[in-house]
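Chemist: next comes the sequence, and after it the predicted model I'd like to discuss.
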Amino acid sequence: MASKDPTLLKLHSARSDLKTLLQASSEAQHDIKETEKRFSLYHQSLSTASRRILPLQSLTMSRKALDARITRAVSPAVELLNTFKRTEGLQAKLVTFSAELSSEKSQQRRLEKLVEYVACVEEVKEGIENICEEVEMVVQRLQEVVEFVSRTKAADQDRDMRLKDALVTLKVLYEREVDEMRFEGLLDQALLHVQDEFEELLLRMKHRNMKDLLHQHGGEERELGSEMEVETLRRISTTLAANDCMDICIDIYLKARYRRAAKALMKLNPDYLRTYTPEGIDEMEWETLETAITLWIQHFEVAVKKVLFSEKKLCERVLGDFMEGLVWPECFIKISDKIMAVFFRFGEGVARSSKEPQKLFKLLDMFESLEKLKPHISQIFEGEPGADICTRFRELEKLIIDASSKVFWEFGLQIEGNIDGLPPPQDGSVPKLVRYAINYLKYLTAVNYKTSMIKVLRTQQTWRGKDGSSSIETSGKETLTDEGLLKHAISNVMEALQRNVESKRVCCRDKVLVHVFTMNTYWYIYMRTKNTQLSEVLGEKCMKEEYKAVAEECAYLYQKQAWGALVKVLDGEDVREEGKGSVGRVVSEKVDAFFKGLNEVCERHARGVYSIPDVDLKEQMREATVRLVVPAYAEFLECYSEFLNKKGYPSVERVKGLVVKAFDGGRLRRKASTSGSLERDIVVRDV
């Protein structure tokens, strides 16, 4: 029954499990004791090993520190050696490029190889710079390692010796070979070669034919050099500057481009520029000087607008990267300065030379050309570098304005000073001075010079402290416009000319000749200025009142003095007072006196004593004289023909022909008549 009780069975099972657990615990306790014994033995072994390993651990740490020091020093040294190898390879490449450049004939291929050559030079230079920057640091680190190893004896003797040898080698490299690579090696030779190529390429860039530029109006000259050439020059200049050769580069550029620009202008044959002193210019023949000034105007324009403008653009493109663009303007001005100075000298010499009247028009040409060049000068020579050239240009313009003004005013003074107290020309013709002065003023008031002369006069008035606006005040009353200013100036010359003519008129004792001279002169002045710019400036009314009216008055006086006496001889009042027996005698005497007077007058006209050069005036005077003389003679013959029947006196038509021939010019030829009286005939001759 007990075996069948569940509670007893559970107790019996628990007792059995507890017993087994106690037995296992006893065995575990025994195992723990055994393990503690083994751990104690292990601990003793580890302590012993630790005491033995500690020196080795310290040595290992020292080894690692030494390795780190050596690695830190050796790695840059290895990299430095690799840089040496690359640089040596590039130097060998330079030699190859140099040989290829020398043998290349094609210009395009040569430029391409030159660019490659310059690029190789830049790489060599960069490699050498890297070596120079690193070698000192590498030597310093090796020095530190050698000192550390020597001090700590951390390395074996062989390694110590190798480190010392490496240090000595790098020191020698630093002290000798690096400087040689920088200043005496292939890089130096390559830079010399690049300089030669730089100069050769600069000299190869030529300006176009100067004769073509001389006749080219408008537009600008094409840029010098191709894009490839300019880019090559820019690369070369940059490379030279980077290698401390900027001064050499600039010097080469200045000499080469000045030489090329000057040579281009020399093709225009400007030999006249050799004479530039006022004394030398005064000694030149006028035709030679006139041609020289014309050439100067043309050449100066070409030099500024074509040659120097192209040089400026080339200079900017090649040297524009230097010092943030501060170098190239100075270089361009140095190239331009000598060229501009040559032109300035000649212009200044002309302006300072003697003030002869004929120089006015060439001075005005020079002034107008400078006016047209002024904006180009300001643009091309802008900024501080070109200030001196701009200043000298303004000074030249001022000299020319002053010279033009003086020449014009002195022209009037010369006319005034030509009052010599001598009578007019023996034939009563227009004096050369009058012809010259009128043509001079007509030319001055023509379209080509009128505007320029007004500018000169206006500028002169401004310089003298007058109002520089559209008008100036004279005498505190009258306001002169530009046209009025020119009229005032020309009127002064015309008044001087009038005084000169009047002085000759006063000195003439021949009453007929004085009227012929005055008539010819004033008629010439009026007719030569009629419907011209000069007449517009002076005013048509003024010309009629002061010249035409005087000429007409003198024409009347001439006719009255020269031909009126003949008509008076044929007056019939005194004939009617005579008795019938003496009428025939008086009539014959009158006719003889008439033909004697006619002969004298015609003779003087035929000899050119009373010359009337103007065709229209001569025609008018001939017709007027015929109307004066011939009707009077015809009337006399008609009234007293009964007393002249036995006389062989010329007919009315014959007298008319004689009068006409007198004005046509000729000499008289005497013929005997049946009555014993003289018949005068005029043989036409060329005058």
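Modeler: Done, it's in. Numbers count the residues shown, from 1 in each chain.

Chemist: show me where the stretch 401-550 of the chain has strands.
Modeler: Ranges of strands in the stretch 401-550 of the chain, per DSSP state E, counting those that start in this stretch, are 472-474, 478-480.

Chemist: mean pLDDT lowest for which of those?
Modeler: By mean pLDDT, the lowest-scoring of these turns out to be strand 472-474, with a mean of 44.

Chemist: OK, contacts around the spatially most central residue of the chain?
Modeler: The chain has V304 as the residue nearest its centroid, 2.6 Å off, counting by C-alpha atoms, centre = their mean. Contact analysis of V304 by C-beta atoms under 8 Å, 6 or more residues apart in numbering lists M340, L373, H376, I377, I380. Quick note: C-beta positions are derived from backbone N, CA and C, even for glycine.

Chemist: and of those residues, the nearest to Q29?
Modeler: Proximity of the contacts of V304 to Q29 was ranked by C-beta to C-beta; the top entry is I380 with 114.1 Å.

Chemist: can you pull the contacts of that closest one?
Modeler: Contacts for I380 were tallied using C-beta under 8 Å, 6+ apart; they are V304, L308, F309, K312, S336, G386.

Chemist: next one: Y547
Modeler: Y522, W523, I525, Y526, T529.

Chemist: ok, back up a step: quick one: which of the contacts of V304 sit in helices?
Modeler: M340, L373, H376, I377, I380 (DSSP state H).

Chemist: just the buried subset of these, please.
Modeler: Buried subset of the ones in helices among the contacts of V304 (neighbour count, 16 or more other C-beta atoms under 10 Å): M340, L373, I377, I380.

Chemist: quick check, nearest of the residues you listed to L265?
Modeler: Nearest to L265 among those, with distances taken as C-beta to C-beta, is M340, at 11.1 Å.

Chemist: hey, where'd the strands end up in this structure?
Modeler: 472-474, 478-480, 666-672, 678-684 (DSSP state E).

Chemist: sorry, back to before: make CSV out of the ones in helices among the contacts of V304 and add distance to L11 and pLDDT.
Modeler: Output for the ones in helices among the contacts of V304, formatted as CSV (distance: C-beta to C-beta, whole Å; pLDDT from 0 to 100):
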residue, distance to L11, pLDDT
M340, 136, 95
L373, 138, 94
H376, 133, 94
I377, 134, 94
I380, 129, 94
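
Chemist: can you list the residues you listed in TSV and add distance to V567?
Modeler: Compiled in TSV, those are given as follows (distance: C-beta to C-beta, whole Å):
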residue	distance to V567
M340	74
L373	67
H376	72
I377	72
I380	77
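
Chemist: of all the residues you listed, which two lie farthest apart?
Modeler: Pairwise over these, using C-beta to C-beta, the maximum falls at M340 and H376, 12.2 Å.

Chemist: wait, Q533 touches Y449, no?
Modeler: No. Under the criterion of C-beta atoms under 8 Å, Q533 makes no contact with Y449, lying 9.6 Å away.

Chemist: most widely separated two among the contacts of I380?
Modeler: Taking C-beta to C-beta as the measure, the contacts of I380 have their most distant pair in F309 and G386, spaced 12.7 Å apart.

Chemist: looking at those two, which is more packed in?
Modeler: Higher neighbour count among F309 and G386: G386, with 23 against 17, using other C-beta atoms under 10 Å.

Chemist: residue contacts, that one?
Modeler: P329, I333, S336, I380.

Chemist: inside helices: which ones of the residues you listed?
Modeler: Filtering those for helices - DSSP H - leaves P329, I333, S336, I380.

Chemist: which non-adjacent residue is nearest the first one?
Modeler: Distances taken as C-beta to C-beta, 6 or more residues apart in numbering place P385 nearest to P329, at 4.3 Å, with adjacent residues excluded.

Chemist: the one you found and S40, how far apart?
Modeler: Distance, P385 to S40, by C-beta to C-beta, to the nearest Å: 98 Å.

Chemist: who has more neighbours out of those two?
Modeler: Neighbours per residue (other C-beta under 10 Å) separate P385 from S40, with P385 holding more: 18 against 10.

Chemist: check what pLDDT that one gets.
Modeler: In this model, P385 is scored at 90, pLDDT.

Chemist: please renumber the chain so that the first residue is 657 from this point on.
Modeler: Understood, numbering begins at 657; the last thing we discussed is P1041.

Chemist: distance of it from E1294?
Modeler: In terms of C-beta to C-beta, P1041 sits 96 Å off from E1294.

Chemist: try V780
Modeler: Computed with C-beta to C-beta, the distance linking V780 and E1294 is 124 Å.

Chemist: now do K1088
Modeler: Distance from K1088 to E1294, by C-beta to C-beta: 48 Å.

Chemist: likewise Y1092?
Modeler: Distance, Y1092 to E1294, using C-beta to C-beta: 51 Å.

Chemist: the more surrounded of the two?
Modeler: Using other C-beta under 10 Å as the criterion, Y1092 and E1294 rank with Y1092 on top: 14 against 9.

Chemist: neighbours of E1279, just the number please.
Modeler: Residues near E1279, counting by other C-beta under 10 Å, number 12.

Chemist: my bad, I1045
Modeler: 20.

Chemist: kindly report the same for A1290.
Modeler: A1290 has 16 neighbours, counted by other C-beta under 10 Å.

Chemist: what residues are up against the closest residue in space to it that isn't next to it in sequence?
Modeler: Counting by C-beta to C-beta, 6+ apart, V1308 is the residue found nearest to A1290 once chain neighbours are left out, at 4.5 Å. For V1308, the contacting residues are V1286, Y1289, A1290, L1293, by C-beta under 8 Å, 6+ apart.

Chemist: below-threshold pLDDT in the stretch 857-1006 of the chain: ranges please.
Modeler: For the stretch 857-1006 of the chain, the stretches with pLDDT under 70 are 866-878.

Chemist: can you check the stretch 1157-1306 of the chain too?
Modeler: 1228-1240, 1298-1304.

Chemist: let me see the ranges of the helices in it.
Modeler: 1167-1185, 1189-1194, 1196-1199, 1205-1218, 1220-1225, 1229-1233, 1236-1262, 1271-1296 (DSSP state H, counting those that start in this stretch).

Chemist: contacts for the shortest one next, please.
Modeler: Around helix 1196-1199, the neighbours that count as contacts under C-beta under 8 Å, 6+ apart are I1181, Y1182, T1185, K1186, S1191.

Chemist: any idea how far A1093 is from the fourth one?
Modeler: In other words, K1186. Taken as C-beta to C-beta, the span from K1186 to A1093 is 16 Å.
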